[in-house]
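Q: Take a look and give me a structure for this.
(chains A and B)
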Amino acid sequence: MARGDNVLPYIHTSGSAWRLARLGIPLRTLNVLDSAQTEAALDGVTHVVNCARGGEEVMLRGLKNVLAAALKRKVARFIHMSSVAVYGDPPPPKSAHEDAPTKPAIGSYGWIKLKQDHMVMRACRNGLSSVILCPPNISGPYSDYLVNLLNAMRLRAFVLLDDGSAPCNLVDVDNLSAAIELALDHGPADGTRIFVTDDEAICWRSVVDYLEALGQLTEPVPQIGRERLSSMTADIGAQPTSLIRSLKHLASNEVRQALRKDPLFARFDTTLRKGIARVGKRAEQFFRMTIDGPTRVSKVTGEGLFDLNLCRQQLRGVRHLSDRARDQLGYRPVHSFVESMDAFCTWYRHHHAMDSAFWPLLAQLY
Amino acid sequence: MSPPFRLALVGAGLITQQSHLPAALASPMVEVSAIVDPVTERAVELARGYGIRPRIAARVEDVVMEIDGAIIATPNHTHRAIALACLERRIPTLIEKPLARSYSEGIDIVRTADANDTVVAVGYCLRFQDNVIHFKTLLDQGFFGEIKRFVHEFGTAGGWAPLSAYNLDRKNAGGGVLVVTGSHFLDRMLYFWGYPDHASLEDDGPNGPEANCTARFEYSSKGASFVGLARYSKTVRLPGGMVVETDRGFAVLTEDDNAEIVFRPHSNPAIEQIVRRRFQRMTNNGPSVFQLQLEDFIRAVRDRRRPVVDGRQALESLRLIDQLYANRRLVAMNYYQREKALARP
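A: As a prediction, this is how the structure comes out:
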């Protein structure tokens, strides 16, 4: 808008659009799952920036509709917001650059984003000029990511890997906006993937230091070794599908409990259980072990409950470089890491009235 | 036993779907006689979703002969016209908060209700929460000590999304987050302490509905002298609740429906005391605040008395909102130390 473009912001619902609405920008609602509505929305549009996010259906069928509409309406430029998550978690060391292999776990967020990338690349082959921007976690004012990290630190649900020297990839929201603006007019047209980061060698310790001070945390963030963090987070991620596991789940006590609310099923279940009981204790025990497995007791360490999804990001161990963005888009970060974190802290303090005379009262609510 | 109260629900949007209709169906006092919405398909869908077969109409005028009262749960800019259509026909109305977009619109509604000797209630449902009522009692008793200051805040990163999206249009909503979120507390503040002697606002909505605001209040007459702050956000989650600082400590009531009142004495910051009614039953199975509000409205109609939140009280809320917007100051939104031009090749 600052450069005089006629911007049409499309939103799904009004609930999350307040930051735009306060500026008096006329917002339009659009359901990207409705192909006719999507096609009508792109009538006369020359450039599209796709930031839509939602469930798998919105991300895949919704994007399919948007791409089809963009092709049909002969959109001149399509900017797709992807994510570094397409490289998997943890990403391979080669993913310092964009040409590294992509290996996200099946069903994960990165897997859906990768499918989206492939859809955009296919649309490129059909003539849609497009570029795929790949940001890491977004920092700066209003950063949900940093707010969540601070909250986890407050709850002592975040542990620092070793001395915190692992790389932390961030992009300031203004830096990302600058890259998007550049990509509207510059750069490749063939669906090339481009990293957009703050392009500084930032480590987790630096981020945590800022947030510790901001949150007025009196105790330092606990530290953990690589081996321990790896073992704690080993089970996270989408499980591969298994027919046997699904059948066991269907027959499990948990599912049967829910089904027993229905009187007919309750009678059926009771009859079945009586039948099994008649066969004998050992047979009953065998069925129980086969379906529900042995009783599991988790280790109680007194360490508290960690946000493992957040903690394990420190295992990624690779710094994504913005060389391609510099070369092909002319991208230069507008704000440095220090400026970005200062801005986040200023915003946070302002939004939580931490510098107000009323803070001692507000602090009672935390 | 009285016959069921024949109720029309005007507006088949989100608040009706999620709160008013379930409350009406849960109440033994109510028969849902009509659902009114200009988009009649939406009303049909809503009725079908709950397995009921009320009269469906596009205009409230079409059902007035068949109802004893109406809940108006439509976008704020339509409250006045629909309320007048009901009240002029002597149909008692429970209007979802706020009463109207402005004080002047609200006056039209209250005057019409008075002229037709008809009940108008306003949907500040949190007034029916037991912990709010108990807090008021304790404040009146001076239980916590002499009030020095208070704060209230509530913030969500987005949230409530009306089907018509009217909330993003300042003209239609009558304001921004102050109206959408903050008006609930303004009503409670007036209930606790009456109208403030001074009120001002800071917000971030230069051209549209503000997404963040901070209101300041001063009470200096009627023998009291204290100040307060109320903060609302639609962009960031803020822990919701109220804190009253007295000469003895902090009284805290968070925004949860069943939150306990907590007192943290200055004399021992390491402890907190829960202040509960003796023999209070802790249950989540009772009627919702929406049901309590609806049943209070029906009793007010039948007993010819004022409802717990009547039009005149809601008018005071509108007067305060108008005053706050008249005394508003925009806050800067640039959080970076240095303004920089975006890099362009």
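Q: and residue A:365, what pLDDT?
A: Per-residue confidence (pLDDT) for residue A:365: 94.
Q: neighbours around it, how many?
A: Other residues within reach of residue A:365, judged by other C-beta atoms under 10 Å in any protein chain shown, total 21. C-betas here are computed from N, CA, C, even on glycine.
Q: ok, now which ones touch it?
A: By C-beta atoms under 8 Å, 6 or more residues apart in numbering or on different chains, the residues touching residue A:365 are B:153, B:239-241, B:243, B:252, B:254.
Q: want to throw those residues into CSV with distance to chain A and neighbour count?
A: Listed next are these as CSV, based on distance: C-beta to the nearest C-beta, whole Å; neighbours: other C-beta atoms under 10 Å in any protein chain shown:
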residue, distance to chain A, neighbour count
B:153, 6, 26
B:239, 4, 15
B:240, 8, 19
B:241, 5, 19
B:243, 4, 25
B:252, 5, 22
B:254, 7, 17
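Q: In which helix or strand does the residue in chain B positioned nearest to chain A reside?
A: Closest residue of chain B to chain A, C-beta to the nearest C-beta: residue B:207 (2.6 Å). Using DSSP states H and E, residue B:207 maps to neither a helix nor a strand.
Q: Spell out whether stretch A:335-355 and chain B are in contact.
A: Yes - using C-beta under 8 Å from any C-beta of the partner chain, stretch A:335-355 reaches chain B at A:335, A:339, A:342-344, A:346-347, A:350-353.
Q: Convert the C-alpha atoms of that stretch to PDB, please.
A: Provided in PDB are the C-alpha atoms of stretch A:335-355 (Å, rounded to 0.1, in the frame of the first residue of the first chain):
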ATOM      1  CA  HIS A 335      16.400  -4.800  10.600                       C
ATOM      2  CA  SER A 336      19.200  -6.600  12.400                       C
ATOM      3  CA  PHE A 337      18.500  -9.300  15.000                       C
ATOM      4  CA  VAL A 338      19.200  -6.900  17.800                       C
ATOM      5  CA  GLU A 339      16.800  -4.300  16.300                       C
ATOM      6  CA  SER A 340      14.200  -7.000  15.800                       C
ATOM      7  CA  MET A 341      14.400  -8.300  19.300                       C
ATOM      8  CA  ASP A 342      14.400  -4.700  20.700                       C
ATOM      9  CA  ALA A 343      11.300  -4.000  18.700                       C
ATOM     10  CA  PHE A 344       9.600  -7.200  20.000                       C
ATOM     11  CA  CYS A 345      10.500  -6.300  23.600                       C
ATOM     12  CA  THR A 346       9.200  -2.800  23.100                       C
ATOM     13  CA  TRP A 347       6.000  -4.100  21.700                       C
ATOM     14  CA  TYR A 348       5.600  -6.700  24.400                       C
ATOM     15  CA  ARG A 349       6.200  -4.300  27.200                       C
ATOM     16  CA  HIS A 350       3.800  -1.800  25.700                       C
ATOM     17  CA  HIS A 351       1.000  -4.400  25.000                       C
ATOM     18  CA  HIS A 352       1.300  -5.800  28.500                       C
ATOM     19  CA  ALA A 353       1.600  -2.400  30.100                       C
ATOM     20  CA  MET A 354       4.800  -3.500  31.900                       C
ATOM     21  CA  ASP A 355       6.100   0.100  32.100                       C
END
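Q: What residue spans form the domains of the chain?
A: No chain was given, so I picked chain A. A:76-142+A:168-201+A:314-365, A:243-292 (automatic domain parsing).
Q: actually it's chain B I care about, not the one you picked
A: Domains of chain B are assigned by automatic domain parsing as B:5-126+B:289-310, B:130-279.
Q: sorry, back to before: quick one: closest of the domains of chain A to residue B:268.
A: domain A:76-142+A:168-201+A:314-365 (14.7 Å; C-beta to C-beta).
Q: What's the end-to-end length of the closest one?
A: Start and end residues of domain A:76-142+A:168-201+A:314-365 are separated by 51 Å (C-alpha to C-alpha, to the nearest Å).
Q: mind listing what the nearest residue to residue A:251 once chain neighbours are set aside touches?
A: Nearest non-adjacent residue to residue A:251, counting by C-beta to C-beta, 6 or more residues apart in numbering or on different chains: residue A:291, 4.8 Å away. Listed by C-beta under 8 Å, 6+ apart, the contact set of residue A:291 reads A:248, A:251-253.
Q: What about the residue of the stretch 1-150 of chain A found nearest chain B, how many residues nearby?
A: Proximity to chain B, evaluated over the stretch 1-150 of chain A using C-beta to the nearest C-beta, is greatest for residue A:24 at 2.6 Å. Neighbour count of residue A:24, defined by other C-beta under 10 Å: 14.
Q: With residue A:25 instead?
A: If we define neighbours as other C-beta under 10 Å, then residue A:25 has 16 of them.
Q: Need the pLDDT of residue B:117.
A: Among the per-residue scores, residue B:117 holds a pLDDT of 97.
Q: you'd agree the residue of chain B closest to chain A is up against residue A:20?
A: No - in this structure, residue B:207 is not within contact of residue A:20 by C-beta atoms under 8 Å, at 10.9 Å.
Q: out of the two, which sits in the busier spot?
A: More crowded of residue B:207 and residue A:20, by other C-beta under 10 Å: residue A:20, with 17 against 10.
Q: Buried residues, the helix or strand hosting that one. List them.
A: Here residue A:20 sits within helix A:18-21, counting by DSSP H and E. Across helix A:18-21, burial judged by 16 or more other C-beta atoms under 10 Å in any protein chain shown covers A:18-21.
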